[in-house]
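Novice: could you work out the structure for the sequence below:
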Amino acid sequence: MKKGCLFAIVAALALPALAEEKDRSSLEAEFKQISTEYEKAQREFAETYQKTPEPERKNLKYPEVASYSKKMIALAEKDPKSPAAADALVWAARRSYYDKSVGPQAIALLKENHLESEKLGNACQMLAYNNSKENRDFLNAVIEKNPHDNVKGAASLALGQMLAGDSPAEAEKHFNAVIEKYGSKSQKESAKGELFEMHNLAIGKVAPDIEGEDVDGKKFKLSDYRGKVVVIDFWGDW
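Specialist: From the prediction side, this is the model:
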């Protein structure tokens with residue numbers, strides 16, 4: 001075989017890979033551009049808010065995150081299984097988990113194309129704040145099929161937080177799974193905190209004995225007022 005023919009064959013074989021690499025780079029650049037646009041809009045809003053007199057601040061419009069999330073979903077649909085698509089969908093799921101026009105679409109695409117991705121942890125954490133069937137199904141699928149312990153831990157912790165109010169026994173199973181099986185150190189600490197709250201701070205439980213000083217500097221304990229109606233106001237100043 002002549003060298004010219006061999007070179008032509010090698011070049012022909014390399015072209016699809018080069019095109020794929022170019023497309024991937026283009027999607028990554030688009031992802032960064034949308035992220036940068038949103039961050040810039042946030043900064044500009046904050047600067048305008050600070051400069052605006054108090055009575056007029058209510059007329060300011062915060063950057064609409066759903067519009068940016070829709071751009072991320074459109075990006076992902078160009079090449080649904082690419083790493084850039086995973087980044088874009090996680091971005092949208094984290095910021096629009098509450099938006100019925102955006103959140104379920106981002107979650108469905110992640111479930112279909114990136115269920116084994118190591119990037120899902122941040123998305124799983126945010127889903128704890130939206131107890132929908134789609135989100136529960138997604139988190140259960142992550143626990144079942146994702147190979148990364150920290151992602152499983154995030155999903156199980158989120159499921160526990162979702163279910164703590166309605167299904168405490170089921171929630172406790174998920175918290176214990178984080179502690180005993182696959183949670184990171186911080187996830188394990190969070191799960192222990194959730195279990196402590198369920199066992200000790202839920203409605204109907206005996207309140208922990210609090211010690212402090214009243215406004216006159218007199219020391220007291222909550223147990224001093226056992227049998228009486230007590231209102232405790234916790235507050236802070238930052």
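Novice: secondary structure class for residue 80?
Specialist: With DSSP: H, G, I helix; E, B strand; the rest coil as the basis, residue 80 sits in coil.
Novice: can you count the residues close to it?
Specialist: By other CB atoms under 10 Å, the residues close to residue 80 number 14. For every residue, glycine as well, the C-beta is placed using N, CA and C.
Novice: what sits against it?
Specialist: 109, 112-113 (CB atoms under 8 Å, 6 or more residues apart in numbering).
Novice: now those as a markdown table including pLDDT, secondary structure and neighbour count?
Specialist: Shown next, in a markdown table, are the contacts of residue 80 (pLDDT from 0 to 100; DSSP: H, G, I helix; E, B strand; the rest coil; neighbours: other CB atoms under 10 Å):
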| residue | pLDDT | secondary structure | neighbour count |
| --- | --- | --- | --- |
| 109 | 97 | helix | 21 |
| 112 | 97 | helix | 11 |
| 113 | 97 | helix | 17 |
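Novice: reformat those residues as TSV; add distance to residue 183.
Specialist: Formatted as TSV, those follow (distance: CB to CB, whole Å):
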residue	distance to residue 183
109	26
112	26
113	25
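Novice: okay, now the unreliable bits of the protein?
Specialist: 1-23, 238 (pLDDT under 70).
Novice: show me where it has its strands.
Specialist: 211-213, 219-221 (DSSP state E).
Novice: which helices and strands sit right next to the first one?
Specialist: Pointing back at strand 211-213 there. strand 219-221 (3 or more CB pairs under 8 Å, 6 or more residues apart in numbering; DSSP states H and E).
Novice: partners of the strand it packs on, with directions?
Specialist: Here strand 219-221 has these sheet partners by DSSP bridges: strand 211-213 (antiparallel).
Novice: starting at the chain centroid, how far to the strand it pairs with?
Specialist: 37 Å (CA atoms, centre = their mean, to the nearest Å).
Novice: which residues does it contact?
Specialist: Residues from elsewhere that reach strand 211-213 (CB under 8 Å, 6+ apart): 219-222.
Novice: per-domain residue ranges of this structure.
Specialist: Split into domains by automatic domain parsing, the chain comes to 23-55+63-114, 115-206.
Novice: could you dump those domains to CSV with distance to residue 215?
Specialist: Formatted as CSV, the domains of the chain follow (distance: least, CB to CB, whole Å):
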stretch, distance to residue 215
domain 23-55+63-114, 31
domain 115-206, 25
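Novice: what sits against the residue most central in space within the chain?
Specialist: Ranked by distance to the mean C-alpha position of the chain (CA atoms, centre = their mean), the top residue is residue 126 at 2.9 Å. Contact analysis of residue 126 by CB under 8 Å, 6+ apart lists 93-95, 97, 158.
Novice: mind running it again at 6 Å?
Specialist: Neighbouring residues of residue 126 by CB atoms under 6 Å, 6 or more residues apart in numbering: 94, 97.
Novice: how about residue 58?
Specialist: Contacts of residue 58 by CB under 6 Å, 6+ apart: none found.
Novice: from residue 174, how far off is it?
Specialist: In this view, residue 58 and residue 174 are 41 Å apart by CB to CB, to the nearest Å.
Novice: check residue 200 too.
Specialist: Taken as CB to CB, the span from residue 200 to residue 174 is 19 Å.
Novice: of those two, which one has the most company?
Specialist: residue 174 (26 against 11).
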